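Participant: Sharing a model prediction with you, sequence too.
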Amino acid sequence: MQITVPLVIDIPDDAGIEQVESVVLDADRLAMCEAMRAVVAGMDAGPIVCPTCHGRTVQRDGTATRLVSTRFGRVSLVVRRVRCAACGQRCRPSAPLLAALGRANLTPGLRQTCVLAGSSWPFATAACVIADRCGAVVSAEHLRQVTRAAGHAAAGDGVSGCTRRRTTCGPRATSYARTRPGSRSVSDPAPPACLPVGRDGG
């Protein structure tokens, strides 16, 4: 798929480098949002195959609007819905494209940015930094929830990884474990309680 997005920038004659940078950045973000909408519209306009019965005859079943927050701003997407003429199931042609969002409205890239910012600054400050640098509007509370969820997930992965390592290496590690520095291995046989000693000629 190829899309073309027009980019028109009006630069004042007396603009300095700082103003030019700001104007170009704003125009670039608007073009990115328009490109995202064009991609979704292109998928909706292409050939559609029912994911249930693989039928190719579908009927329009209206549209829905979905707000998606990206690293370049918030985008309002018009998502097309269709109904399969063979099995009657509804589907959305752009569903595979938006599958990574789940029920959320943050893209994975913006979610990662939120986690990095939320781990570096207070949540209110992090929200302002993201809005200024990315043009994305994320509330401090939402940013806190995303950051905490990522922290809990990372902690869970660490615990499960340690458990797997102990389970895999436990017996081998135990056979070479030592009770204290310089002592014998736990798996070494204990010395006999009595050691018989014979005399010469006896």
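Facilitator: Sure thing, it's come through.
Participant: Tell me which helix or strand Arg60 sits in.
Facilitator: Taking DSSP states H and E as the definition, Arg60 sits inside strand 58-70.
Participant: Tell me which other helices or strands the next helix or strand along the chain from that strand touches.
Facilitator: Sequence-wise, the next helix or strand downstream of strand 58-70 (DSSP H and E) is strand 73-84. Using 3 or more Cβ pairs under 8 Å, 6 or more residues apart in numbering; DSSP states H and E, the elements in contact with strand 73-84 are helix 17-45, strand 58-70, strand 90-91. Every residue, glycine included, has its C-beta placed from N, CA and C.
Participant: Neighbours of the nearest residue to Arg60 once chain neighbours are set aside, how many?
Facilitator: Distance criterion Cβ to Cβ, 6 or more residues apart in numbering; nearest residue to Arg60, sequence neighbours excluded, is Val82 at 6.0 Å. For Val82, the count of nearby residues is 19 (other Cβ atoms under 10 Å).
Participant: Val82 touches Val49, doesn't it?
Facilitator: No - if you go by Cβ atoms under 8 Å, Val82 and Val49 don't touch, sitting 10.5 Å apart.
Participant: for the most centrally placed residue in the chain, what are its contacts?
Facilitator: For the chain, the residue nearest the mean C-alpha position is Pro108 (3.8 Å; Cα atoms, centre = their mean). By Cβ atoms under 8 Å, 6 or more residues apart in numbering, the residues touching Pro108 are Ala100.
Participant: just Val8 next, same as before
Facilitator: Contacts of Val8 by Cβ under 8 Å, 6+ apart are Ala27.
Participant: Can you read off the pLDDT for it?
Facilitator: At Val8, the model reports a pLDDT of 89.
Participant: Asp157 too?
Facilitator: 74.
Participant: what's the answer for Gly170, then?
Facilitator: Per-residue pLDDT puts Gly170 at 50.
Participant: Ok, Ile3 next?
Facilitator: Listed pLDDT for Ile3 reads 88.
Participant: Pull out the buried positions in the helix or strand where Arg133 lies.
Facilitator: Using DSSP H and E, Arg133 falls within helix 123-134. By neighbour count on 16 or more other Cβ atoms under 10 Å, the buried set for helix 123-134 is 123, 126-127, 130, 134.
Participant: How many neighbouring residues does Gly16 have?
Facilitator: By other Cβ under 10 Å, 8 other residues sit near Gly16.
Participant: so where's the chain shaky on pLDDT?
Facilitator: By pLDDT under 70, the weakly predicted segments of the chain are 158-202.
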